[in-house]
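**Student:** Need coordinates for the following:
(chains A and B)
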There are 2 protein chains.
Amino acid sequence: MHGTDPQAHGLPGFVGGTLDRVDHIRSNPALHAQAFASPNARLLVLEGLEPVTDDHGLALVPLAADARIEQHVLLGVDLQDRPIFAHLVETLEQGPNATPRSRGLADLVSASDVALYGTARSLVHWHARHRFCSVCGAPTHAHKAGWARRCESCASEHFPRVDPVSIMLAEHQGRVLLGRQHSWPPGRYSALAGFIEPGETVEEAVARELKEEAGISVHSVRYVMSQPWPFPSSLMIACIAQCDDPALTLDETEIEHAFWCDADGVAAALAGDPDAPFLAPPRMAVAWHLLDHWLRGAVAPSDARA
Amino acid sequence: MHGTDPQAHGLPGFVGGTLDRVDHIRSNPALHAQAFASPNARLLVLEGLEPVTDDHGLALVPLAADARIEQHVLLGVDLQDRPIFAHLVETLEQGPNATPRSRGLADLVSASDVALYGTARSLVHWHARHRFCSVCGAPTHAHKAGWARRCESCASEHFPRVDPVSIMLAEHQGRVLLGRQHSWPPGRYSALAGFIEPGETVEEAVARELKEEAGISVHSVRYVMSQPWPFPSSLMIACIAQCDDPALTLDETEIEHAFWCDADGVAAALAGDPDAPFLAPPRMAVAWHLLDHWLRGAVAPSDARA
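**Tutor:** Take a look at the predicted model:
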C-alpha cells in the first residue's frame, strides 16, 4: 500500500513557509512605501547569502533609519503582521551552492523560518546576478518591491528565475536506483536528478535523465512531491518511475557509481544504520523524503521501520 | 472513481516529443561540428517565431552551404537520425504570446512535431532576449550547441529559462472553479494559473494563487499532469485542490469573473455544446485536459460523456 501523506516524517527543508507574499502590495508603490515605513517592518539579517540566527530563530531587526527602499525586497508579511525585507547586494562573495551553515539551519529554526530564508536567499542571489539587462546590456533596477527588475534603457522587465529540476527514483522489482556523483562524501548515494529543459514535460524529463545518466528506459512516471531548493533557485519535482530492464550504462562524467537498492537497504540508510549499504542524503533534501515515501509504499520490506 | 490515464483524450499541445536531445553531443565540440556538417542535418524553418509547414509536417530543409554553426541551436536528433537545428535571431519582431498560427499547428502536424516546434520556439526566443550578460552587461554568445550562452567578459554561463506555472482547479462539492481574464474571447473560462515563485512548492503556489485571485482557501492539492508551453517558455503544472468554503473574493485586476461549474456544465463545454455555460479553453491547452481529467473522475455527473 502506498503511503498517502508525504509529510509523515516531517517536511523537506525550505517547505512550509507561512509568509503572506502580499502580491497586492508589491505592485502598489504607496502600499509598498507604507510597509517599508511601518514600525513593524523587519530586516531579515543575512551575511552574504548565509543565514544568521538568534534565540528566537532567524535574526530579524528593525530597518536602519537610513535604509533605502530600492535596496530591499519585500519578502512578505509574517504571522505577526510584520513586513519582512531582505537587503539586496551588488556583489556575491560566494557561489550558489549550499554551505554547512545553510544546510544546518533546519536544526536551529522552524520550518517556516527555513522557508523564509530560502526565499530570501534565492531572491538576493538573483538580484546580484541580474544587475544588467539581458536584452540590451544596460543597467537594471529593482522593481515591484524587489519581485522584478526593470531595464533603465529598453524598459524590459525581468522576473526572478525558478529552475524546475526533476529528481527521481527508478523502481525495478522492489528495488530503486541510487547513484553518486564524484564530488559527494564517501558512501553518499541519492536519487538522480537534472534540470527540466524547454519543450519537455516533467515526465519526459524524468525519462530523459534516467536514459542519459543510467542508460535505462522507464515508464509510468508518478509525481510524489516538490520542494524549493535555494542553491540558487531550483524547484525540485520528485517522481518515481517504473523500469523493466535494470541493465545500467552510466554516464561516468555525471555518475561515479549507481546500484539497485532494496527496501531493507533504504530503510537502514534512512535510519542512519552504520551498516547500511549507503549513506543517505540529508533529511533536508527532498531525496530523503522521496526514499521515505517509496519505502512506506514498497511491497513488504522484510524489516520495515515502525 | 478518478481516471488514471490523463491522456485518454489525446495529449495537450507540445507534449510527446520524440527528439533525442543528445546531451553528449552538446558538450562535445567535435561531435557538434560533425552533426552540423552531416548530410542528414536539417534546419527547422521558422518565420520569426512562427511555424512553417509543408506536406510532410514541419518544414525541414538542408542547412545552407554558408550556414554558421554558432548561429544555430542543435535541438536534437530525430527518429530518422537527422540532427535538427534552428537558426538563432538577434531581434524578435513579435512578442512571446501565442498567435493563431502557432495555436493552430496541432491541427496540421503530429504531436511530436508540435513538441519540436515548441522546443525551438522557446530556445530561439530565449537566445534573442539574452544577448547580454545579466551579471556584467557584456555581450554573450551561444555555447554548448545553443543550450547555454557564455559571457565574453566575465565568462558567466547562462542557461535557457523554464518558468514553472501552477494551473489549477479548486473543487467544492462536485463543482470546480473557473475564471476568465478581461482579455479573453467572450464566454471563455478556464482554470486559474500563476507563476511559481522562489521559495515555494507547487502545492504552496496553488494555494497562494487561489487565495490571491479568488479569495478561497484550499487543501489536499493533487498533481495531475504537466505541459511545456512555449509562450515564451513555461512549464505548466496542473493540479486539483479541495475547497471547503466556496465564497469568492475576486482580484478584479486579474480575474473578470469566476464561478463554480458542475460536471454537466464542464461536459457540455468540452463537447463544444453551444448551450454550455462557458466556452472551453482550446484542446491544446493543458486546462482542457485538466477539466477532462476532473470530469472523468467527478462523482456521478448526471450526463457524463461516453
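**Student:** The nearest residue to A:Trp288 once chain neighbours are set aside: how many residues sit nearby?
**Tutor:** Spatially, and ignoring its direct neighbours in sequence, A:Trp288 is nearest to A:Pro281 (5.1 Å; Cβ to Cβ, 6 or more residues apart in numbering or on different chains). The way it works is simple: take the backbone N, C-alpha and C, and place the C-beta from them, glycine included. Each residue near A:Pro281 was counted by other Cβ atoms under 10 Å in any protein chain shown, and the total is 21.
**Student:** Next: A:Ala64.
**Tutor:** Applying other Cβ under 10 Å, we find 9 residues neighbouring A:Ala64.
**Student:** So for the strand or helix carrying A:Gly118, mean pLDDT?
**Tutor:** Using DSSP states H and E, A:Gly118 sits within helix A:111-128. Across helix A:111-128, the average pLDDT comes to 98.
**Student:** what residue is smack in the middle of chain A?
**Tutor:** A:Trp229 (1.0 Å; Cα atoms, centre = their mean).
**Student:** Just confirm it contacts A:Ile167, I think it does.
**Tutor:** No - in this structure, A:Trp229 is not within contact of A:Ile167 by Cβ atoms under 8 Å, at 9.2 Å.
**Student:** Give the intersection of the neighbour lists for those two.
**Tutor:** Both A:Trp229 and A:Ile167 are contacted by A:236, A:286, under the criterion Cβ atoms under 8 Å, 6 or more residues apart in numbering or on different chains.
**Student:** okay, now the residue in the stretch 151-300 of chain A that chain B sits nearest to: neighbour count?
**Tutor:** Residue of the stretch 151-300 of chain A nearest chain B, by Cβ to the nearest Cβ: A:Gly199 (2.8 Å). Using other Cβ under 10 Å, A:Gly199 has 30 neighbouring residues.
**Student:** gap between it and A:Asp264?
**Tutor:** The gap separating A:Gly199 from A:Asp264 is 40 Å, by Cβ to Cβ, to the nearest Å.
**Student:** Ok, A:Val114 next?
**Tutor:** In terms of Cβ to Cβ, A:Val114 sits 31 Å off from A:Asp264.
**Student:** ditto for A:Ala258
**Tutor:** Noted for A:Ala258: a distance of 18 Å to A:Asp264, by Cβ to Cβ.
**Student:** neighbour count winner among these two?
**Tutor:** The neighbour comparison of A:Ala258 against A:Asp264 (other Cβ under 10 Å) goes to A:Ala258, with 20 against 17.
**Student:** Next, the more buried one: secondary structure please.
**Tutor:** With DSSP: H, G, I helix; E, B strand; the rest coil as the basis, A:Ala258 sits in strand.
**Student:** Verify the stated contact: it with A:Leu250.
**Tutor:** Yes - if you go by Cβ under 8 Å, A:Ala258 and A:Leu250 touch, sitting 5.9 Å apart.
**Student:** got any residues that touch both of these two?
**Tutor:** Residues touching both A:Ala258 and A:Leu250 (Cβ under 8 Å, 6+ apart): A:179, A:213-214.
**Student:** gap between A:Val135 and chain B?
**Tutor:** Distance, A:Val135 to chain B, using Cβ to the nearest Cβ, to the nearest Å: 5 Å.
**Student:** Ramachandran coordinates for A:Cys151?
**Tutor:** phi -80, psi 130 (degrees, to the nearest 10).
**Student:** can you map out the helices along the stretch 201-306 of chain A?
**Tutor:** Remark: helices assigned in the stretch 201-306 of chain A by DSSP state H, counting those that start in this stretch are A:202-214, A:263-270, A:286-297.
**Student:** mean confidence score for stretch A:157-169?
**Tutor:** Averaging pLDDT along stretch A:157-169 yields 98.
**Student:** what bits of chain A have low per-residue confidence?
**Tutor:** A:1-9, A:299-306 (pLDDT under 70).
**Student:** Could you chop it up by domain?
**Tutor:** Split into domains by automatic domain parsing, chain A comes to A:23-158, A:163-297.
**Student:** ok, back up a step: quick one, what contacts the residue nearest to the centre of chain A?
**Tutor:** A:14, A:118, A:165, A:235-236, A:286.
**Student:** For the stretch 201-306 of chain A, what lies in contact range of chain B?
**Tutor:** Residues of the stretch 201-306 of chain A lying near chain B by Cβ under 8 Å from any Cβ of the partner chain: A:201-204, A:208, A:212, A:223, A:225-228, A:230, A:233, A:235, A:237, A:251.
**Student:** What residues does the residue in the stretch 1-150 of chain A that chain B sits nearest to make contact with?
**Tutor:** Chain B sits closest to A:Thr119 of the stretch 1-150 of chain A, with a gap of 2.8 Å, by Cβ to the nearest Cβ. Shown in contact with A:Thr119 (Cβ under 8 Å, 6+ apart): A:17, A:19, A:75-76, A:228, A:230, B:197-200.
**Student:** tell me the phi and psi of the residue nearest to it when sequence neighbours are not counted?
**Tutor:** Sequence neighbours aside, B:Gly199 is the residue nearest to A:Thr119 in space, at 2.8 Å (criterion: Cβ to Cβ, 6+ apart). B:Gly199 adopts backbone torsions of phi 90, psi 10, taken as degrees, to the nearest 10.
**Student:** was I right about B:Gly199 contacting A:Gly13?
**Tutor:** No - the pair B:Gly199 / A:Gly13 is not scored as a contact, 11.4 Å apart, by Cβ under 8 Å.
**Student:** list residues touching both of those two?
**Tutor:** Contact criterion Cβ under 8 Å, 6+ apart; residues shared by B:Gly199 and A:Gly13: A:Gly118.
**Student:** May I have stretch A:81-97 exported as CSV, CA atoms only?
**Tutor:** Extracted C-alpha coordinates of stretch A:81-97, given in CSV (Å, rounded to 0.1, in the frame of the first residue of the first chain):
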residue,chain,number,x,y,z
ASP,A,81,1.8,41.2,10.8
ARG,A,82,5.4,42.4,10.3
PRO,A,83,6.6,43.3,6.7
ILE,A,84,9.8,41.3,6.3
PHE,A,85,12.5,42.7,4.0
ALA,A,86,15.9,41.5,2.8
HIS,A,87,18.8,43.7,1.7
LEU,A,88,19.9,43.5,-1.9
VAL,A,89,23.6,43.3,-2.6
GLU,A,90,25.5,44.1,-5.7
THR,A,91,28.2,41.5,-5.4
LEU,A,92,28.3,38.0,-4.1
GLU,A,93,31.4,36.7,-2.3
GLN,A,94,30.3,33.1,-2.6
GLY,A,95,28.9,30.7,-5.1
PRO,A,96,25.3,29.4,-5.3
ASN,A,97,25.9,26.1,-3.6
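**Student:** So which bits of stretch A:98-118 are buried?
**Tutor:** A:98, A:102, A:105-106, A:109, A:111-118 (16 or more other Cβ atoms under 10 Å in any protein chain shown).
**Student:** do stretch A:133-151 as well
**Tutor:** A:133-137, A:140, A:142-149, A:151.
**Student:** can you map out the strands along the stretch 101-250 of chain A?
**Tutor:** For the stretch 101-250 of chain A, applying DSSP state E, counting those that start in this stretch gives strands covering A:140-143, A:148-151, A:157-158, A:163-172, A:175-180, A:192-195, A:218-229, A:234-243.
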